[in-house]
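Visitor: Sequence first, then the predicted structure, then my questions.
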Amino acid sequence: MASTTAVAVDLALISGSVAALWLGAERLVGSATRIAQRLGVSDLVIGLSVVAIGTSAPEFAVTVDAALTGRADIAVGNVVGSNLFNLGFILGGVAMTSVTVAAAPEVIRRDGTVLVGGSLLVLGFLRDLELARWEGAVLVGLLVAYLVYLFVSEQSLKQETRDRREFRRRDVALLLVGLGLVVGGGRLLVGSAADLARAAGLSEWVIGVTVVAAGTSTPELATSVVAARRGSAGVTVGNLIGSDLFNLLGVLGLAAIIRPPTVASTAIQGLLWVTALVLVALAMLWSEGELTRPEGALLVGIAAVRWALDLAGLGPSVP
């Protein structure tokens, strides 16, 4: 049983990490948007690349560490849980507020299609309950190809719309400071929350798919809410789609290259829920070009049901 002092310290660390995350999100979104405007790159592409990769750094750190220590349940659970948290609790939660969450048709056609394809590909690779090194290399290669395509496709547009205002080094510095605060705050939050979860007697799978996933997704929550309140819907949707793609292809792929994970057959349930959630979210965005409050509530509800099943011991369990 954890001592009262230890619990108090963990709670204090959680509070401090949340403050760092929100401050970092303010710096990150603001500087990234200004840099995008000065380079002629759209907010969406910045959200799909720089911001998404930066906010996914905690997932990468936790998943790779879990892979190195042979904890496949935490490694896979973190990726599954983070993607569920991003599209369910974050995207749905933002849509339930007064902020409009919209997405251009190209987001659904191009980026949404890649996300669905990536989800199905991971499911296919895990059909034998293992993710081999070559399969991890394929996932990472696809992510690199996708990012290259994003920036190359922007070149023709940039030639016509490029903002030639003076480039400010201060924005780059603020971007790096923001990333540092977000990543550092995320790591601190995960460690403290995991300590509290273990004190409560939760399994490593449940910790990975819920507590750790929520902790590593807090940067996405912070940047998405800040971006939405600033009216940068492109950053909000782009950040979440990009983060989910980076988690599936980059984080899980690199973890497999380092140490191929073996998962239990029931862990596939979590991936199926995530894939279904992706399809539901994209379908709603495609129908009207934006998410309404009831639709946001539906996304939150789907994620909440999955969490309830895991916490009740009815979800995947890895021996």
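Guide: Great, that's in hand. Numbering: from 1, shown residues only.
Visitor: Now do the strands in the stretch 201-319 of the chain.
Guide: Secondary structure of the stretch 201-319 of the chain (DSSP state E, counting those that start in this stretch): strands located at 290-291.
Visitor: which residues of it score low on pLDDT?
Guide: 232-235, 266, 314-319 (pLDDT under 70).
Visitor: 50 instead?
Guide: Scanning the stretch 201-319 of the chain for pLDDT under 50 picks out 316-319.
Visitor: the helices in it, which residues?
Guide: Remark: helices assigned in the stretch 201-319 of the chain by DSSP state H, counting those that start in this stretch are 204-206, 213-229, 233-245, 252-258, 267-288, 293-311.
Visitor: what residues are up against residue 146?
Guide: The contact partners of residue 146, taken as CB atoms under 8 Å, 6 or more residues apart in numbering, are 114, 245, 249. Every C-beta, even on glycine, is put in place using the N, C-alpha and C of the backbone.
Visitor: secondary structure element for it?
Guide: Using DSSP states H and E, residue 146 falls within helix 133-161.
Visitor: after that helix, next one along is what?
Guide: Helix 133-161 is succeeded, C-terminally, by helix 169-199 (DSSP H and E).
Visitor: For the residue most central in space within the chain, which non-adjacent residue is closest in space?
Guide: Central residue of the chain (CA atoms, centre = their mean): residue 243, 3.9 Å from the mean position. Distance criterion CB to CB, 6 or more residues apart in numbering; nearest residue to residue 243, sequence neighbours excluded, is residue 52 at 4.5 Å.
Visitor: can you list contacts of whichever strand or helix holds the one you found?
Guide: Using DSSP H and E, residue 52 sits within helix 52-55. Outside helix 52-55, the residues that touch it by CB under 8 Å, 6+ apart are 28, 178-179, 182-183, 186, 219-220, 223, 238-243, 245-246, 250.
Visitor: taking the mean pLDDT, what do you get for it?
Guide: In this model, helix 52-55 has an average pLDDT of 75.
Visitor: Please apply the same query to stretch 173-185.
Guide: On average, stretch 173-185 scores 85.
Visitor: what do you get for stretch 90-105?
Guide: So the average pLDDT for stretch 90-105 ends up being 80.
Visitor: where in the stretch 1-150 of the chain is pLDDT low?
Guide: Judged by pLDDT under 50, the stretches of the stretch 1-150 of the chain that qualify are 1.
Visitor: Surely residue 26 is in contact with residue 227?
Guide: No: in this structure residue 26 lies outside contact range of residue 227 using CB atoms under 8 Å: 10.1 Å.
Visitor: quick one: which of those two has more around it?
Guide: Using other CB atoms under 10 Å, the more surrounded residue of residue 26 and residue 227 is residue 227, with 28 against 17.
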